[in-house]
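1. everything below, folded, please.
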Amino acid sequence: MEKRINKLHAKMKEKEIEAFFVTSKKNVRYLTGFTGTFGRLLITKNDNIFITDFRYIDQAEAQTEACRIEVINSNIVEGIGELLKKSGVRELAFESDHTTYSEFQKYREKFPVDRMIPQKNMVEELRVIKEASEVELIKKAVEISDRSFSHILNFIKPGITEKEVSLELEFSMKKGGGEANAFDFIVASGKRGAMPHGVASDKKLEVGDLITMDFGTVYRGYHSDITRTIALGEPDKKLKEIYDLVLTAQKKVIKEIKAGMTAVEADSIARDFIKNSGYGDNFGHGLGHGVGLQIHEAPKVSYSSDDILKEGMIVTDEPGIYVSGLGGVRIEDDLLIEENGCQVLNSAPKELIIL
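-> Numbers count the residues shown, from 1 in each chain. This next block holds a predicted model:
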């Protein structure tokens, strides 16, 4: 944690920021180790102050590193204002993406500073490169999800609903060590497979359906994200053709992606192949996104992204083809970007499984 805060201090010095107010729970956790629901971090040139209230005194003392703890039990905003006054801070940077307008108004009224300076992605830019310890936690989350995929294959049968599949995935992952669902699971079968974000419904599974399942878990704060598409009985010939195209595109990304590549170049590996196969209009979303303390974080791996892939990033590789009235296919792995390639974190099978 001290190393992370020191990196933030270096960024503050580079940007000539006198003090920085961190309010995002994910960013507070990243910088201090605190996992509770209320914590703020005030970083000045000479001090790192973790701010909480009486509910989290013991937790803060047990978890936080590299900062001193200040407990404020009255008006939190006024209390932070007093800390700013004691610190002599005149200009305060804050996380503009994590501050509402009403919160900003309160800060401007109660904080005794001359200027409040909005900043974007100060901590997120540090989080984008995963440390070895973070990689291990994500690998564990991925492992839990992979095991649940194996489990769900023995659960799926005609007549059960998409919601039942979703609930069984949740139960399996939590039983296996997951803390929470990484997001609202997608279970889209039959014609609903044409919906990239087809959240599980009451639709019953039918013989001949392709079933796309997009799910993940959280392990010690870190997320996994996996998608697999399987068949319940022999699927339509056209759907098998689509499956093979998506799998080939997904594997091409694994073979070619590497550090130094732009996000647009990475996206185009799959996009150009799918387009040249006649389904360019049926792949509307980006190739992937970063995964870590949040299920969607930098970098954005897309045809519209300005990001550049760097060694140590973890991103998803999830091309898909969706045909209205027929169905769809998506296949997704989590990839650790390396200097000359990538490491695939998932081990769940991807060849078409017909139950």
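2. in the chain, which spans are helices?
-> When assigned using DSSP state H, the helices of the chain occupy the ranges 2-14, 25-32, 57-63, 76-87, 101-110, 124-127, 132-153, 162-175, 237-256, 263-274.
3. mean pLDDT, distance to Lys191 and mean neighbour count added to the ones you listed, as a markdown table?
-> Any C-beta I mention is one placed from the backbone N, CA and C, and that applies to glycine too. Shown next, in a markdown table, are the helices of the chain (pLDDT from 0 to 100; distance: least, C-beta to C-beta, whole Å; neighbours: other C-beta atoms under 10 Å):
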| stretch | mean pLDDT | distance to Lys191 | mean neighbour count |
| --- | --- | --- | --- |
| helix 2-14 | 96 | 47 | 14 |
| helix 25-32 | 98 | 37 | 21 |
| helix 57-63 | 96 | 48 | 14 |
| helix 76-87 | 95 | 51 | 16 |
| helix 101-110 | 96 | 42 | 12 |
| helix 124-127 | 97 | 38 | 18 |
| helix 132-153 | 98 | 21 | 19 |
| helix 162-175 | 98 | 12 | 19 |
| helix 237-256 | 98 | 11 | 18 |
| helix 263-274 | 98 | 20 | 21 |
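4. between these, which gets nearest to Ile354?
-> Smallest distance to Ile354 across the helices of the chain (C-beta to C-beta): 9.3 Å, for helix 237-256.
5. between the closest one and helix 263-274, how many degrees?
-> 150 degrees (axes from the mean of the first three to the mean of the last three C-alpha atoms, to 10 degrees).
6. make 36 the starting number, not 1.
-> Got it, the first residue is 36 from now on, which makes the last one we talked about helix 272-291.
7. one step back: of all the helices of the chain, which one is nearest Leu361?
-> Minimum separation from Leu361 across the helices of the chain (C-beta to C-beta) falls at helix 272-291, 6.5 Å.
8. report all helices and strands that the closest one contacts.
-> For helix 272-291, the packing partners by 3 or more C-beta pairs under 8 Å, 6 or more residues apart in numbering; DSSP states H and E come out as strand 261-267, helix 298-309, strand 349-352, strand 355-358, strand 362-365, strand 368-373, strand 376-379.
9. can I get these in TSV including distance to Ile195?
-> Output for these, formatted as TSV (distance: least, C-beta to C-beta, whole Å):
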stretch	distance to Ile195
strand 261-267	10
helix 298-309	31
strand 349-352	27
strand 355-358	23
strand 362-365	18
strand 368-373	26
strand 376-379	30
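10. nearest to Gly323, of these?
-> Of all those, strand 349-352 sits nearest to Gly323, with 3.6 Å by C-beta to C-beta.
11. contacts for that closest one?
-> 165, 170, 173, 260, 285, 288-289, 292, 301, 305, 322-327, 334, 336, 344, 367-372, 380 (C-beta atoms under 8 Å, 6 or more residues apart in numbering).
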